[in-house]
Structures are given as structure tokens and as C-alpha cells.
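>>> model this:
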Amino acid sequence: MNPIESLRTVAGHPIALPRTRQGSSRRLLPSFLFAAAFAASSVHGQTAAADAAPAKEEEEILVLTPFEVTSGGENEGYTAATTLAGNRLNTELRDIGSAVTVVTKEFLQDVGATDNASLLQYTTGTEVGGLRGNFAGAGDAAQLNEDTVRPNDNTRVRGLAAADNTRDFFRSDVPWDSYNVDRVDLQRGANSILFGQGSPAGIINTGLKTAQFRNFGTAEVRVDNYGSTRGTLDINRVLLPRELALRVAVLAEDEKYRQKPAFSDDRRLYAALRYEPKSLNRDGLLTSLKANFEAGTIDSNNPRMLPPSDAITPWFTNLNQATYNQYAAFDHLSGRPNHGQFRVNLASTGARNPAYQHNIGTFGFPSGRAGPTVFMSGGNQSMMVTDVIGAFVSGGLGSDGSVDGGIAALPDNGWVSLQGTAQSAINNGEAYSKAGLWKNNLLTDASVFDFYNRLIDGDSKREWQDFNVLNLSASQTYFHNRAGISLDYSREGYENGQKAVLPGDVRLQVDPMAVYGDGSPDAGLAVGGEPFSNGTKNPNVGRAFVSSNNAWGNRSLDTDREALRATAFVQHDFKDKDNGWFRRVLGLHTLTALAGRETAKSDSRSWQRYGIFDNAYYNLSGRPDQRFNGALVPAQVIYLGDSLLGRSLSGANLPSISGSTTITSGSVRYFNPTWNSSVSPGAAWQNGFYLPGDPNRNSTQAENPANYVGWTTTQLNIVDAEASAANRDRLTTHAALDKAQTESQAFVWQGKWLDNALVSTIGWRKDIAESWAFDMSPNDFPVSQDRGAVNLSPTYYKLPTVGQRVEVQSRSYSLVAHLTDLPFLRGVTEKLPVNVSVYYNRSTNFKPDASRVDIYGEPLAAPAGKTIDQGIRVETKDGRYALRVNRYETSNSNANSTQINAASIGNWMQLTQNFANVFQYNIRPWGYDATAPGQTANATDVFDGAAGIWEPMRYNFHLFANRPLQPGEILSPDGSWIVSPPLEGRVLDAVRTFQRAVDPRFWTAWRINTFGNFGPSTSEVTYSVPTGFAVTEDNVSKGWEIELSAQPTQNWRLLLNASKTDARRTNIGNENMREFMDLVAASLVAPEGVRRLHHYWGTQDVVTAGKNWFDGEGLVGAPGSEWRLAQLVENTTVPEMREWRVNLISNYEFTEGLLKGLNVGGGLRYQSSVILGYPPMGNPNDPTTVEYDFAKPYRGPVETNIDLWVGYTRRLSEKLNWRIQLNVRDAFQNKGLIPITYQPNGTVAAYRIVSGQSFSLSNTFEF
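Have a look, this model is predicted:
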């Protein structure tokens, strides 16, 4: 059993280690074997030292090299004296001009912090997401998505971006944990001395525990009120006195949450070795060889910090629990009252349909209306193609017995449910909805679904992280640390992944369908009768459900990092020979040189859980041209609880997902349009779909659904990605390889002048970054190749030989003046009770992202950061109090923006090209090939409802017949539609003019087929987002940071930090992006131009290009609205940015008297009110005129949180010390919701969840 497997049983139950791909376990095996050897050594060390006293006085204290720092002694408190974060050498914090905060062991212990999620609420200018965090970090778009794979990465520093995660200043993907951490250094802002590349927000560096030359150990067990257990063991043993030491640490944590059944199981093993050979440590030489290794795995079903989107409440508040059948909901033809809730206009007159309901949309998670819907309840499934359209009526006959492709009594139809708030606002024409300002409302009533205590996913979601890290270091210093060199090496293997039924944005909906679609139009023949109302009663009507196509929650990332770094320094002190005034002016000077190479390789993949590959179903659905990830992806509907029909929504107490959610092969129900009757197709028949007196009621048997095979079943084979690694590869929807290699050179000079009163630091750095990238998706492969399955063979799936190259030079300058140490001021300052220092720091860095491209596929400049810090530091001469006040400005240029959804741009351009082809070349349903025999028709074909000839509605413009005919136009036989070839021609001319005006680089970059110069199409047009596509923006953060650390007495430690932050977004989109968006906007101005092109169907009531640009279809966004919103947020504060954050932490230890051994402490966390939006101004129906009223912001509430703890320490024996501590986090706080974004009308749209008060109890034994 390997050491990780042994750790799995610590809590008494085994935990399966997920594997994202074949070969992962083989890659980790050598690491585990290495770790096992360390573990065996530690066991031997414990046995051998069983009778030894803890730390003997004669044991030598560890001598540190200038290349390392460690946490101080027991009474260090919350104050650290030195850091490597200033210039890579052990430097006093008072001599550093950059903004560095050191978190000590004592601080971590007092507040109970173990990782980013539990620490960053307390530190200066930092934010972290999660249920215990201080922001959501989900943005402010219409649809909020949360990522549960790596919650510790959801951070923000100075309101800009997430900081880079490093361990011992090597970049790392591994989430840190305090079990093997000695200290945490937070560097805010760019610092090219540390990293010429990286996040401009800064770094969060963990200093790992090192082996010491003394024997000691610590064991800790922690439990909390949610049932979590955490056990850690840290043992240090001296193997050769003053020469060789080994340290081993183990973590076994099973974390539980208020949301059940959420959990996170963390298993880790860490070992560190130090060897300082005596033969090489003499005569001023100090040689140190160090190694450490960590292996671990995290298996989780992490909680969600956002409630579900609310698409259920309007069914009770607006629709009075109305139920529908699929034909009535789509009906805009018959003129029947209370029909067409899905339709805006009536076809007969073009007037607005009085029955239209803006809350109504397509049912469930839309994949394609010809695809199967899989209904699941309690682990049982049934499959059905609910909508009887397209190929499912294509066998319909005409009255003469020939196939005309339609059945008049089965007009357009479909299952419906409720939309999210954003799309409902668009449908209802709410003010400013076209500017993209409306968001989906989240559920706020926990009695409907208890999102505080239940994870809506149930047990259907999993995340995993596996990692192993090896660090090696060899250093040697000369002349008593006056010169030295250090060689450091790091190798890291890391992978994470997720499989989930539900996407990041979970929508809670309700099933309003009264019956299945297997009823008859004859039900409408009786007086007051309702067509199709005699269908099979839907057993799930009124039940709440969640839905997914299982394509958005499955992904993995495999990263390998390797870095080699050499650091050398030489130091000269002019005071060595004598202490004359001139030599004291010149002081001490240190020159540091660095050379390094860092390589990172990654393989990221996403896949859909289920797919269909049998050609039979594609042919049955009339979509032989579809890829496996196209319109026929199975849509899964999972019901929650009993029917709510006739009940109140409040108090529904819906459950989470339960039972199996696995879709299996089985029979699927569908409508078979094969003629199956002996009656003559031309015989007279009354079509009950229409009202008496309507000429369409007088029809023929060819239009009677009863004469066809009708509803039947066929076998449907489902391929499941979880069944095998081969299936997962086959169902891969996106795969990307990336490699980045950076070679760095740096020089740092630090001079300490005037008796160390003046400290100047200058750094220069050059980074040469090269990157290679390759990605692919099913759109890159033909349908004939296994339905577009990607080719993952190493001969194809590989990096290109030529990559991108970026060379950047960056500089840092820092000047610190210790005013009270200046020789010419000592006469005055020596009488002062404090030491005063002032400082100035300026530094830059960049992010070596050479793979990014703009909308035309052109390379983008690398993101670059710049920071200026200036302020004052005041410290009492006894060192008990230290105050630092810092004024900063940090900027980030060419950063990635999240304001624009790339898929929305590609989708709009793809639809425009596809339907321009359909209308220009009159392509019949459901294809897109204008060259296929029999696939094209005529520009004058017209809909005939009585005859069931509906195909022309697809490829010809059909206008409402509410105006006189114009030359060249044709009236439909029933008098309700006008076919207008002249109008269609003018629109198509405008579309082709626009498309030809688009920069040709766009079509190439997005892989959109233009068929020469927009000639006859030979296939459906698809798109792929360009590899590395990014929309850029600039960010700037300005503010103040105040840090006070104090130890008024030896027993009392105190820390206060405060930050005032103003972080804003500017310059969204580069020149090419603006050129493209302006071109589209200009093309949409003309009334009979591009805006009139239909994006789906030829009838006047369907979505057009103009509407889709600003309104979208509720699927992938509306690029025009997103772009307008991006313009509106220019120079506004970033989402959830609180102006002030203040933290106060204090702990007092009683060292004598009756209370000896007791410690009490607490923390106060204050956050000022937050701007969450602005009222819009301008024409509410014209997004181009909308502006924000910045004088009247919408604000969220002030937040104040209190943490308390009490502990007791007692020496149980000479060799054993015991400590117990109770921590109360968020004391006196109830569970609740905190607003994170507003609607344009001033109501709250979205909230994040607060868990409320929690307790943890830890027992620690030191020996």
C-alpha cells in the first residue's frame, strides 16, 4: 500500500482516487515510492528517539543561509523581521519598499487558518471566494457561473486579479495547506525582482517547513460542528548530529460543510531533508543541501456559494400555475384564444398575441429540438423526442399521395418551461434589456429549496486534484556569508478535473406540460374542445426540475512544471577595515545575480458525458450532417420532489438530486411519419386544430396524424464517457496543449548608506518567453470521422514546432530612508520614542502569454503590470509596535477581459452565414448543402396550411399579411402570409456586402467557411473560437494600505490592517476588436439590411440577426449587448469592490496565576458598503444611447464579522505539551444572503450564500 493509500484510512473509510486519464497513476508511482522511503525513515526516527528529551540545550541552533528565512521563535507573535520577497535574499522587512505582508505560524494558529479560503479574509487588500469568503468573484454578467474545481484560486488582490501561487518562490498549481507551511509571504503588486512574469496583483508564497537540527514533533486533531475531521502529524528527527535531519509531515482531512452532502477529502504526505556536511562547513564556508517532496490527492464535492437561478417563481406569481400542451403553446396560426404563449405575434394578422407570456421559453437545457430528452426521477429514466417537427413529419403526404414533407395537423410545436430573468426581460421589452443590463435572478426563498443546508447537485458532482512536487536546493556561502551561490530545482506534476451533471449556472425550473404530444387534433372538433388535450397525461406536471446537456461540467487539466534557478550574491562592507565617516557613508552593498529557466506544459480537455454515434438516429432525426456534439446531444431533465400543482411554492422544501443520474441505452419514444392507413390521402377530413369557419379546417386525410405510424419507440444507444477512457476520448469536445518556456536573467543591487540609514535597491530583469499552443474541437473534423470525434493520437495531437516569442526587460527601483538613523539627525531623533522610515518603490512585470490572439487572429501584446508604492513606517524602538502606511497605484495593461463571451460572436456570425445561404439558395429543411440533389427549391414557394406544405417557411421570407401586396410578392392560399422575394433579395445583398467588408482574417481565424466568395454552400457552417482568443482590458487600482502590528506585552499580540481600494476597468477591446464591432453595428442600422436576416426560420415572428445581436436566444449570449455593457463599465469599479476593508486580530496568553496556560483572542472583520451597479440613463430601447448615472450607485450593505477563540496549554510531562483551542468563526452570525449584483431597476439580482456561525475544536500535542 502506498503512503497516500494508507492515509485514506485515517478517518476510517477508503476513498477512491480518481484518474483523469490512463497513465496518471504510472506518472505518480515514482513519486509515491520516493515518499514511502521518507515515511519509512520517519517511523524509524520515532522509534529510535522515543526516550529522547524534546530539544536539548546543547543541540546546535540552525544557522540560516542568506537564501532562506524561517518563522521565528515562540514569541514572534504576528510580526516577522525578515523576508525573501524583497530581493530574493534574507532581508529585513524595514529595508523593503515593496508591499510585503508576512503571515506567521502564530497568526495561522490563532485564527485557525489552513489555506487561502480561511486566511485571505484577514490579510491586507485581499479577497477570497467561497462560503466563508468575502466576495463571490463571479463577475456581473447576466448569467453567473461558479467554478467548484479549485475554490482556493478564487482570489483577488487590490481589486485587480488573482495572485500567483508560489511555494518557496517557485510557481505552483498545488493549493497550499498549513500542515507543511512555516509562513506565508504576500507580495502585493508587481515585483520583477521576484518574477519578471506573473500576475500584476502579486504572489502568495508559502515558505515550506524545513528539517531542523533538533528532535521534535507535533500532532493535531481538529473537529468542527459540521462533522469535519482534520489530523496532522509533523515529526523532525536528527539523523546525524548537526549534519543530517529529516522532517515528515502528514495531513488527513475530511472537511464537511453546512451544505450536505458536500465534502472535501485531502490526503498529503510531505518530507524534507537537510544535509550540511561538516567537511564543507568550516573556515567561513557554509554548505547546505536540501530536498523536499510532497504528494497528495484531494477528492471533493465542493459546496456552491450561489443559490440556483430562479426560473420557477414566475409560474406561481405571474402565470397562476398555468399548464400547456405543446401545440397550443406554439400555436399562432389557428386564432384560438389563449394559444401561443410562446409566440409574440399572431400569424393571421401580425398583431401582438394577447396570450403571449414573456416568461415562457424552450423546455429544459436546450441542445436541439430534434434531440432526445431524458426524463429522470428517483434514478428511473425515460427518453422521448418531445417536439414533432422536421424529420418527424417529413414523411407527410399531399392529397395526391406524394410526399410533401408536412402534416398540416402537426404544425410547429414544442415543450415549454420558464426562462431566466435576463431573457424574460428581453422578451417583455423591459427598459434597458437590449443593453444587456438584466441578470438572472437567483432564488432567495430557502423554503423552496434549502440552499443553505443542501447542495443541489446531491452526489452527482465530483472534483479531484492530484499532485506531486519535488524541490532540490544546494547552496554554499563563503567568507562568513559575504558571498554565495544557490542552485534550486523544482518539478511538479499536477492534475485536476471535474465531472458534473449540472453546469456552473444551475437553473431551477418547473414542468408546466399537462400532456404529452400524443394527443389528437380531433379533440378540438367539439364545441370548446382543445386540440391535443387528450394526450397522455404528463405524470410530472408541476414538478420542479434541473436540466443539463452534460457538456459543461466535465473537464480536466494536467500540468507539468519544471524550473531550474541559480542565484549568486556578493557583498562588500566598506566598514570592514575601519569605521571612518566616509566608509560609514558608503556602507554595505550587495549584488545579486539570477539565471533561471522555467517550463510549463499543460493538457486541458473537456468532454460531454453522453453522446450518440449511431447513424440510424441521425438519419431518423433528419440530421445526418450533425456531429456528436451538435443538435442531438441528449438533454437530461432531473425532477426534484412532488408536483407543486395546486400548492404554494413557499415551503416546497425541494430535495437535492438523488438516485442514479446515469443515462443508459434504451428505447426512445418519437413520432414516426410513415403512412400507415388504407384511407385515401385525398379523402376529406376536418382538421380540428383550426376553428370552425377557418378554411384550413377543411382538409384531407393526408394531414390527419392518425393515418401515420405515429408515436412509437426505437432503440437508442448512449455512449457514456465514464464507462471507459476510450469513451471519454471519443466524447472530447475540446482539447488543448500548451507549453511555455521562460529564460530569465536578473541583477539586483542593494546599497545601505549612511550607517544603514538609506537603503537603495535597483533591479533589472530580462525574460525571454516562448509559447506553443494547439487546440481542437469536433468542428475541426468531418462528420464522416466518427461524428466529428477528435483525433487524440500523439501523431496529430501535438504542439507545433513554431511558437510565439516575447522578450521583455523590466526594472525595479526602491529607496528607503530610516530618518531616525540618519547621522545628521541623530541628535534630534535619538530622543524620539519611535523610529521613522519613508520609502518609495516602483516595479514592473509581465505575463508571458504569447499565445493570445485578437478577433482577427493577430498576436496580442503580453499583459504587463506596474506598481508604485510610497509611504511611511513608524516603529517603537523596543520593536513592540510597528505601523506602516502605504499609498499605492497598481496597473495591469492588456489583461484578459471577461466582458465578452467569445461563443456569442462566433454563434452570431455562424448563424448569419448559415441562414444567408439557406435563403439565398433556397435550401430545404433541414440541410445546409446547396449543391445536394433535390435539396434546393424556389424563391416563390409559399406556405399552404391546408395542404401541410410548410417547407417554404424555412427558406423564404414569410411576412404577416397585414399590408397590401407589393410588386413581385405572393400571398399564401389562406391569406395569412406574404412571400417577398424583393425584400429577401435586398436583405441578402446587404448581408453579403457586410460579410465581404469583414476583414478576411476573421473568417480564417474563426474557421468559418465562406465557400469561396460566398458561393453555394456545400455543408453547414460551423465555427471554432481561435486558439488563444482574448478580449483585452486595462485595470488600475489606487489606494491606501495601513498595517499595525503590536506586542504590547510578551503575552499579548495584536494586528490591525486596513485597505482603501479604488479598482477600475478601462480600455476594453483592442483596435481590431473595436473595428469589427463597429462594422457589425453599422451594418445593422438599415431597416432592410442585415438586421432583417432571419436566424432560424423565414416567418416574421422568429428571431432576426438584429434582434439576436442585442437580445440573443438565451443560449450563448448576445454580443451586441455584451459589447455595449463593456463600454458602459469603462472606468467603473470592478464588481464587488469595497472601498474599505479593516481587520483587527488580537490574542492574549496568561502565563501566571490561576489562569496560567489560558489564551483568549478574537478578530473583527469590517467591510464598507459596496457599489453593485448603477441606474441606467438614455433611451431604454436603444442600447447605443444608454449610459450609467454614476452619481446614484446601487450599494450593498456593510459587513462586520467577529471571530472568537479560547485555548488552554498545559505541559503534561517533561516531553509532552498539550494545547486545546476552540475557534468560533462568524460569531453571532446567522446564515443569510449577501447581494452581489443589481438589476437596472434597482432590485437585487444575485446573492452569495453565507453559512453563518461555525465552531472548530483542535487538540495539539507537542513532543
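>>> May I have the one helix or strand residue 1162 maps to as CSV, with CA atoms only?
For residue 1162, the element it lies in under DSSP states H and E is strand 1158-1167. Extracted in CSV, the C-alpha atoms of strand 1158-1167 (Å, rounded to 0.1, in the frame of the first residue of the first chain):
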residue,chain,number,x,y,z
LEU,A,1158,-5.1,30.1,29.0
ASN,A,1159,-5.3,32.2,25.9
VAL,A,1160,-8.2,34.2,24.6
GLY,A,1161,-8.5,36.1,21.4
GLY,A,1162,-10.7,37.4,18.6
GLY,A,1163,-10.9,39.0,15.3
LEU,A,1164,-13.0,41.8,13.8
ARG,A,1165,-13.5,42.0,10.0
TYR,A,1166,-15.2,45.1,8.7
GLN,A,1167,-16.1,45.7,5.0
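>>> tell me what that strand is packed against?
The contact analysis (3 or more CB pairs under 8 Å, 6 or more residues apart in numbering; DSSP states H and E) places strand 1158-1167 against strand 1140-1149, strand 1199-1213. Every C-beta, even on glycine, is put in place using the N, C-alpha and C of the backbone.
>>> Need the winner for burial among those strands.
Each of the helices and strands packed on strand 1158-1167 was scored by mean neighbour count; the highest is strand 1140-1149, a mean of 19, by mean count of other CB atoms under 10 Å.
>>> Contacts made by that strand with the rest, please.
With contact meaning CB atoms under 8 Å, 6 or more residues apart in numbering, strand 1140-1149 is reached by 78, 106-107, 110-111, 121-125, 134, 1051-1061, 1158-1168, 1205, 1209.
>>> Show me the beta-bridge partners of the closest residue to residue 162 other than its chain neighbours.
Once flanking residues are discounted, residue 162 sits nearest to residue 155: 4.7 Å by CB to CB, 6 or more residues apart in numbering. The partner list for residue 155 in beta bridges (DSSP bridges) reads residue 128.
>>> Could you tell me the average pLDDT over whichever strand or helix holds residue 1082, please?
Using DSSP H and E, residue 1082 maps to helix 1071-1083. When pLDDT is averaged along helix 1071-1083, the result is 95.
>>> Over to stretch 382-398?
So the average pLDDT for stretch 382-398 ends up being 93.
>>> Tell me where the chain is predicted with low confidence.
1-63, 70-76, 85-88, 194-197, 366-368, 1112-1117 (pLDDT under 70).
>>> change it to 50
Residues of the chain meeting the criterion pLDDT under 50: 1-59, 73-75, 1114-1116.
>>> how is it carved up into domains?
3-292, 309-441+502-549+609-723, 902-1030+1076-1121 (automatic domain parsing).
>>> Between these, which one is closest to residue 1216.
domain 3-292 (8.6 Å; CB to CB).
>>> how distant is the lengthiest strand in the chain from the center of its chain?
As assigned by DSSP state E, the longest strand anywhere in the chain is strand 732-753. With CA atoms, centre = their mean, to the nearest Å as the basis, strand 732-753 stands 24 Å off its chain's centre.
>>> immediately after that strand, which helix or strand?
In N-to-C order, the element after strand 732-753 by DSSP H and E is strand 758-776.
>>> Which elements pack onto the following helix or strand past that next one?
Sequence-wise, the next helix or strand downstream of strand 758-776 (DSSP H and E) is strand 804-818. Counting contacts by 3+ CB pairs under 8 Å, 6+ apart, strand 804-818 is packed against strand 758-776, strand 834-846.
>>> how big is the angle separating the shortest one from strand 804-818?
Same thing as strand 834-846. Relative orientation of strand 834-846 and strand 804-818, computed by axes from the mean of the first three to the mean of the last three CA atoms, to 10 degrees: 170 degrees.
>>> Would you mark the buried spots in strand 834-846?
Neighbour-count burial for strand 834-846, with 16 or more other CB atoms under 10 Å as criterion, is recorded at 835, 836, 837, 839, 841, 842, 843, 844, 845, 846.
>>> For residue 166, give me its contacts.
Residue 166 touches 172, 195, 203, 204, 205, 206, counting by CB under 8 Å, 6+ apart.
>>> Report the contact partners of the residue nearest in space to the middle of the chain.
By CA atoms, centre = their mean, the chain has its centre lying nearest to residue 147, at 4.2 Å. The neighbourhood of residue 147, defined by CB under 8 Å, 6+ apart, consists of 154, 504.
>>> at 6 Å what do you get?
Residue 147 makes no contacts at all, as judged by CB atoms under 6 Å, 6 or more residues apart in numbering.
>>> quick one, phi psi at it?
For residue 147, the backbone dihedrals (degrees, to the nearest 10) come out as phi -110, psi 120.
>>> And it, how close does it get to residue 504?
According to CB to CB, to the nearest Å, residue 147 and residue 504 sit 6 Å apart.
>>> now swap in residue 576 and tell me
Where residue 504 is concerned, residue 576 sits at a distance of 62 Å (CB to CB).
>>> what's near enough to touch the closest residue to residue 609 other than its chain neighbours?
With sequence-adjacent residues excluded and distances taken as CB to CB, 6+ apart, residue 609 is closest to residue 550, at 3.6 Å. By CB under 6 Å, 6+ apart, the residues touching residue 550 are 608, 609, 610.
>>> Quick one: classify residue 550 as helix, strand or coil.
Here residue 550 is recorded as coil under DSSP: H, G, I helix; E, B strand; the rest coil.
>>> From residue 309, how far out is it?
18 Å.
>>> swap in residue 938?
If you go by CB to CB, the gap between residue 938 and residue 309 works out to 45 Å.
>>> quick one: which of those two has more around it?
The residue with more neighbours, out of residue 938 and residue 309, is residue 309; 23 against 11, by other CB atoms under 10 Å.
>>> Kind regards, and thank you for your time.
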